[in-house]
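Visitor: Show me the folded form of this:
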Amino acid sequence: MDNTQKKRLVGALVLSVFLLLALPVLFTGQGRLPEARITDIPPPPELSVTRPIDVDHDAPVAVAELTQRVDQLINADPTPEQRAEAPPPTPAASDSAPRQLAYTQESTGEISAWSVQMGSFRQADNARRLLDELRTAGYEAYTKETVLSDGSLLTQVMVGPDPDHDRVRLKKDILSEEFNLPTLVVRFQP
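Guide: As a prediction, the model looks like this:
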């Protein structure tokens, strides 16, 4: 056998052995570390009715008459006694638990909602401190923990979620100014 033919044969053998070892790893995906996601989302709040409307279900009511009654109830000015009895209204943003939102599902089956990422921390104490600051300021905040490929834990502090992307971008600007932190708008992943 010629010397060049021997080199070609050895090269072909080395290449085929490499392909036999590398192709199964590429196609099965072994060797990759899966990401573990742990989230800490507060429970939904309990809703209460503030002023129930009395409706007589047995009597026939015309639509115009019903509309008038609703307008009167909405525009009615409470008496001084009612104002004194009624507790002061609390803004929705002051609740520590997120409100129930009507999330839309995309054609891919994913929930379409957005959150504002306030920061990512390797030390959970720093994340907890920012989470407490956000909640005392009246924001609906939660944390999301991710295990990185090196085995360390990354805790992300988020505000939201909200299905309205424009409202989340506005909230991002407000939070960025209020807390003097760089923020991101990210897709909510339950």
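
Visitor: in its sheet, what does the helix or strand containing residue 155 sit against?
Guide: Residue 155 belongs to strand 153-162 when assigned by DSSP states H and E. Strand pairing for strand 153-162, using DSSP bridges, gives strand 114-121 (antiparallel), strand 141-147 (antiparallel).

Visitor: Most tightly packed of the ones you listed?
Guide: Among these, ranked by average contacts under mean count of other C-beta atoms under 10 Å, first place goes to strand 114-121 (a mean of 21). To be clear about C-beta, it is placed using only N, CA and C from the backbone, and glycine gets the same treatment.

Visitor: Name the residues that touch it?
Guide: 127, 130, 134, 141, 154-165, 168, 171-172, 175, 179, 181, 183-188 (C-beta atoms under 8 Å, 6 or more residues apart in numbering).

Visitor: where does the protein dip in pLDDT?
Guide: 29-35, 47-111 (pLDDT under 70).

Visitor: Do a quick rundown of the strands in it.
Guide: 37-40, 104-105, 111-112, 114-121, 141-147, 153-162, 184-187 (DSSP state E).

Visitor: rewinding a little: right, and the strands paired with strand 153-162 - which one's nearest residue 28?
Guide: Closest approach to residue 28 among these (C-beta to C-beta): strand 141-147, 21.6 Å.

Visitor: Name the residues of the strand holding residue 155 that are buried.
Guide: Buried residues in strand 153-162, counting neighbours by 16 or more other C-beta atoms under 10 Å, are found at 155, 156, 157, 158, 159, 160, 161, 162.

Visitor: is it true that the last one touches residue 172?
Guide: Same thing as residue 162. No: using C-beta atoms under 8 Å, residue 162 is not in contact with residue 172, being 10.7 Å away.

Visitor: got the strands paired with strand 153-162 as TSV, with distance to residue 17 columns?
Guide: Below are the strands paired with strand 153-162 laid out as TSV (distance: least, C-beta to C-beta, whole Å):
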stretch	distance to residue 17
strand 114-121	43
strand 141-147	35
